[in-house]
Each structure stands twice: as structure tokens, then as C-alpha cells.
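Trainee: Pasting the sequence and the predicted coordinates here, then a few questions.
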Amino acid sequence: MVISDITREIKSEAKRLGFSACGIAKAEPVDEAVANKYRRWLEEGKNATMAYLQNNLEKRLNPLLLMPEARSIISLALNYYPERKLGDDQYQFAYYAYGQDYHDVIKAKLQELASYVQTLVDSPMTVKLCVDTVPMLDRYWAWKAGLGWIGKNTNLIIPRAGSFFFLAELIVDIDLEYDSPMESHCGTCTRCVDACPTGALESPYSIDANKCLSYLTIEHRGDFDSDILSHKSETAKDEADHSAPFVYGCDRCQLACPYNRFAQPTKIKEFTPKDEFLNMRPSDWQSLTVEQYRTLFKGSAVKRAKYEGLVRNISMVKDEGNQL
Ligand code: SF4
Ligand code: SF4
């Protein structure tokens, strides 16, 4: 089979497996300007305590160090935008955490796609499945592979689809047809920056995790200073007055993005939230026991925050009337 046919077959199989977008980039070191920006971001401590973003830095910036025989990177996006959501009178969770832990779901789909790609080529193929645990700049590769552009909120925006997507890659040792990166369509819009309640989006395209509620409510261990919320912009203050507080993650800079008006509910059944979760009222959360937590979040990514972390977030909202 010729390269163009193999490329077309891969994209069509990715679609069949439920991926919303699939693009392909040449496996090569990350562009120098992007690599320098990432190094500077780490040097300035903007990754907070997320040391894993610093580990294997050279491999993260060069997939050929991860897999020397790599020729192509197949970038994939899986939709997690929920059909049924928590109401405005309930505590909010980031949409990505509504259903089952995405790692296993994506890995199974990547494995299926890799097996299919192998059937298209004559000789045994070397392949690496990349979901979170492999040091890759997912958004960069998605951009490079033509899936969308990286918005001022630092998320990958897919045209006519938005940003509520998990990203993953297959690194393969076969040559394929490559897609072209997309220009930013953010234009003069600053809605995400204006909507951020903590000033974590210090400037367009740049985030300080130390101030980001996604980091603070999920990854950060121990208490955090609620003064961080005093940085609210006027726009964010207005919106916070009318919006329910987040107790796990934060989607405000994505919800503000006009491109997410195009978001369509996911068809991946594992990402569908349980009724018990959607029915939780603030008073239920405030009296959450470890046993309830374990039952509610069995097999869920929310386990990352641990029971203590979630309870800390809930009490911050309860005690101080905060809008996390
Ligand atoms: S996730 Fe929330 S806190 Fe973090 S940058 Fe976006 S709006 Fe700001
Ligand atoms: S809200 Fe506006 S500036 Fe921010 S990512 Fe979306 S389009 Fe870009």
C-alpha cells in the first residue's frame, strides 16, 4: 500500500474507533522557539510542584530520544464534553472528571489503532502509545499535526469542535503523509484571560500553575491560600457572582471560549457520569465520607485529588463563601 493510502486508512480507522480528530506530524525535535519557551516556563517555576513536567525534559522536547526509530507521530483527540451536566446550584467538577478515568479508555483505543496500523504495513512495526505517562508535549503535537491551534487559554482548540478533548499520540517507525500546523484564530478575543478568577493566565498563551485552580484543587497537597482568589478581574468577579463554585478542577477559561459553543456531547459511554454523582447536592458534599467518596469515584480520575484534597476544596467553598 502506498503512503497516502496508509495515511487515509489510519485516519478513517481512528474515526471508527471514536476519535474526533486525527492528524500526523513528522517525528523530529520540538521547534526551538517552543522548546526555549517551555524551558523558561520551568525555570520560572510556573509548573508549581508538578516535577514530572521537568523529568525527562530532553525526551519531552525530542521524541527521537524516546524512540530513536520514530518517523511519524499520529496525534488523536477524544471528546469528553458531557451531555448531562451538574446544575448551576451544585458544586462543579471539571468536565474531564465526570466519567471513568480516561487513561484506560484511551490506551485501549490506541492499542486497537496500533494493531490496525500494523496490518497495513509489510514488516513488523515499532510503536509507542502515549497517554499522559509518556513525556510528550501533547498540545504541541496536536497543533503540529494540524488538529487545531493552541489558544490564549493554552488549550488546544479544534475548529468547529472546541477544546474539551483528551489528547494522545502513537509514535510509529513508518513514514506517512504529514499535516500542516494551523494558525491561531483567537484574534483579538481575550474572554478566557478575562474569565480566569486568579490571574493564572498572566498573559495570553502563558499560564502560571501556582495560581491555577486546576492545579491547586487537584495536584496541590496541603492547604492553599484563599487570597489567591483576590486577583479576580472585574469580568471574572461579575461572572463568579453568578456561577457555582468548582470543587475539582476549573473549566472557566474553556467555558468562556466561543469555540466551545460548537462542543458536541461525547459518544464514549465510559465518560458518562453516574446518576449518583449528578444528584449530589452541596449538603451531600459537605458531609461526604471516605466510603461514599470511594464508591462515587471508583475508577475515576478524581482519585488523583485524594479524599483529603476534595474535602479541603469543599470546606474552602463552604467556610469562606469562596468561588473556587
Ligand atoms: S483553569 Fe481556571 S484558574 Fe486555571 S487558568 Fe483556567 S480559568 Fe484560570
Ligand atoms: S476565549 Fe478567545 S482568546 Fe481564549 S482561547 Fe478562546 S478564542 Fe482564544
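Mentor: Great, that's in hand. Numbering: from 1, shown residues only. Ligands and ions are numbered 1, 2, ... in the order given.
Trainee: Say whether ligand 1 is contacted by the host helix or strand of residue 310.
Mentor: Counting by DSSP states H and E, the element that carries residue 310 is helix 306-320. No. Shown here: helix 306-320 not in contact with ligand 1 (C-beta under 6 Å from any ligand atom), separated by at least 13.0 Å. The C-beta positions use only the backbone N, C-alpha and C, and glycine is treated the same way.
Trainee: Packing partners of that helix?
Mentor: Contact here means 3 or more C-beta pairs under 8 Å, 6 or more residues apart in numbering; DSSP states H and E; on that basis helix 306-320 packs against helix 213-218, strand 246-248, helix 282-286, helix 290-296.
Trainee: now the closest residue to ligand 2 within the stretch 51-200 of the chain: how far from ligand 1?
Mentor: With C-beta to the nearest ligand atom as the measure, residue 151 is the residue of the stretch 51-200 of the chain nearest to ligand 2, at 2.6 Å. Using C-beta to the nearest ligand atom, to the nearest Å, residue 151 is found at 11 Å from ligand 1.
Trainee: give me the number of residues near the residue nearest to that residue when sequence neighbours are not counted?
Mentor: Distances taken as C-beta to C-beta, 6 or more residues apart in numbering put residue 157 closest to residue 151, at 4.5 Å, once the chain neighbours are dropped. Residues near residue 157, counting by other C-beta atoms under 10 Å, number 28.
Trainee: A strand includes residue 157, no?
Mentor: Yes. Counting by DSSP: H, G, I helix; E, B strand; the rest coil, residue 157 falls inside a strand.
Trainee: Could you double-check that it lies in contact with residue 147?
Mentor: No. Counting by C-beta atoms under 8 Å, residue 157 does not reach residue 147; the two are 9.4 Å apart.
Trainee: How many neighbouring residues does whichever residue of the stretch 51-200 of the chain sits closest to ligand 1 have?
Mentor: At 3.3 Å from ligand 1, residue 196 is the closest residue in the stretch 51-200 of the chain, using C-beta to the nearest ligand atom. By the criterion of other C-beta under 10 Å, residue 196 has 25 neighbours.
Trainee: Excluding chain neighbours, what is closest to it?
Mentor: That would be residue 253: by C-beta to C-beta, 6+ apart, it lies 5.4 Å from residue 196.
Trainee: Repeat that for residue 170.
Mentor: residue 74 is the one closest to residue 170 (C-beta to C-beta, 6+ apart), at 4.3 Å.
Trainee: Kindly provide the distance from that neighbour to residue 315.
Mentor: Distance, residue 74 to residue 315, by C-beta to C-beta, to the nearest Å: 44 Å.
Trainee: out of these two, which sits in the busier spot?
Mentor: Counted by other C-beta under 10 Å, residue 74 and residue 315 do not tie: residue 74 has more neighbours, with 28 against 14.
Trainee: helix/strand/coil for that one?
Mentor: Note that with three-state DSSP, the state of residue 74 is strand.
Trainee: circling back: is it true that the residue nearest to residue 170 touches residue 167?
Mentor: No. With contact defined as C-beta under 8 Å, residue 74 does not reach residue 167; the gap is 11.6 Å.
Trainee: So, low pLDDT: which residues of the chain?
Mentor: Applying pLDDT under 70 to the chain flags residues 226-227, 229-242, 319-324.
Trainee: if we go to 80?
Mentor: 223-243, 318-324 (pLDDT under 80).
Trainee: Outline the domain layout of it.
Mentor: What automatic domain parsing lists as the domains of the chain is 3-82+100-172, 191-320.
Trainee: Off-centre distance for stretch 133-151?
Mentor: 11 Å (C-alpha atoms, centre = their mean, to the nearest Å).
Trainee: Oops, could you answer that again for stretch 302-316 instead?
Mentor: 20 Å.
Trainee: any idea how far ligand 2 is from the residue nearest to residue 267 when sequence neighbours are not counted?
Mentor: Nearest residue to residue 267, sequence neighbours excluded (C-beta to C-beta, 6+ apart): residue 18, at 6.5 Å. Distance of residue 18 to ligand 2, computed by C-beta to the nearest ligand atom: 25 Å.
Trainee: same thing with residue 15?
Mentor: Where ligand 2 is concerned, residue 15 sits at a distance of 25 Å (C-beta to the nearest ligand atom).
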